[in-house]
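> Quick one, fold the following:
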Amino acid sequence: YKNKWIHGIEVANGGGYHLNGHKWGLEKNLTMLGTSDMHGPSLITETTPENHRTMTLVFVKDRTPEALKDALIKGRTAVWFKNQLIAKEDFLEAIFAASVKVIDVYRKGDQKVFLEVANKCDLNIELRRTGMVGPAEVILPAMETTTIRLRVQEDIKNIVLPYVASNMLIAPEKGLPVKLSASVE
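Sure, this is the predicted structure:
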């Protein structure tokens with residue numbers, strides 16, 4: 001590391017997550033990598049959000065070898081390991097923002113509000129409430145829409161639900177802070 005020969009670090013491989021690799025990658029600003037050690041076709045008969053090859057996602061604007069190399073050198077990666085994404089916070093924020101949208105909000109009666117939340121990501125996103133409103137835990141299944149039911153005061157017009165996406169790791173054992181926001185008519 002002192003000689004600047006190390007530019008990346010394996011955070012997950014096959015069935016193993018390397019907590020110290022994740023920690024060191026963040027501390028030393030190394031490119032985080034996820035690998036599978038599979039050298040032939042996968043024997044997984046059905047790929048699901050929980051059952052797939054461990055892989056490195058690379059953030060590029062163009063599908064070229066040069067863009068790929070640039071992203072790897074500059075650390076624009078995320079690791080998809082089992083049902084977790086592991087990356088620097090700004091990359092996970094971008095994935096969450098692009099994937100999770102409140103697509104409909106409606107009120108039934110004075111105090112019941114329903115939020116339709118779409119998850120356009122291939123990851124089941126696990127949310128744990130950090131505020132006082134909303135379900136304590138919510139799972140947003142991959143490529144599906146989920147209804148979240150709330151009880152709010154009848155004069156509430158804007159809803160902000162703070163959560164932590166517990167399986168989007170910005171540090172070892174630290175999920176991504178997120179908010180679901182909506183206006184109620």
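> For the residue nearest to residue 115 when sequence neighbours are not counted, what is the enclosing helix or strand?
Spatial nearest neighbour of residue 115, chain neighbours left out: residue 148 (4.5 Å); criterion: C-beta to C-beta, 6 or more residues apart in numbering. (Glycine included, C-beta is placed from N, CA and C.) According to DSSP states H and E, residue 148 maps onto strand 144-151.
> what do you get for residue 167?
Using DSSP H and E, the element containing residue 167 is strand 158-171.
> ok, then the element right after that strand?
Next in sequence after strand 158-171, counting helices and strands by DSSP H and E, comes strand 174-183.
> circling back to that earlier point, can you tell me how far the residue nearest to residue 115 is from residue 72?
Residue 148 is 38 Å from residue 72, where distance means C-beta to C-beta, to the nearest Å.
> In terms of packing, which of the two has more residues around it?
residue 148 (20 against 17; other C-beta atoms under 10 Å).
> For that one, give me its contacts.
With contact set as C-beta atoms under 8 Å, 6 or more residues apart in numbering, residue 148 has these partners: 114-115, 117, 134-135, 138, 161, 180.
> one step back: just want the angle from the strand holding residue 148 to strand 158-171.
For strand 144-151 against strand 158-171, the angle by axes from the mean of the first three to the mean of the last three C-alpha atoms, to 10 degrees is 130 degrees.
> Pull out the buried residues from strand 144-151.
146, 148, 150 (16 or more other C-beta atoms under 10 Å).
> For the protein, just list every one of the helices.
Counting by DSSP state H, residue ranges of the helices within the chain are 19-27, 65-74, 89-99.
> what's in contact with the second one?
Defining contact as C-beta under 8 Å, 6+ apart, one finds that helix 65-74 is touched by 7-8, 31, 58-61, 76-77.
> give me that answer again for 6 Å
Residues outside helix 65-74 that contact it (C-beta atoms under 6 Å, 6 or more residues apart in numbering): 31, 58-60.
> got it, and the last one?
Outside helix 89-99, the residues within contact range by C-beta under 6 Å, 6+ apart are 78, 119-121, 168, 170, 176, 178.
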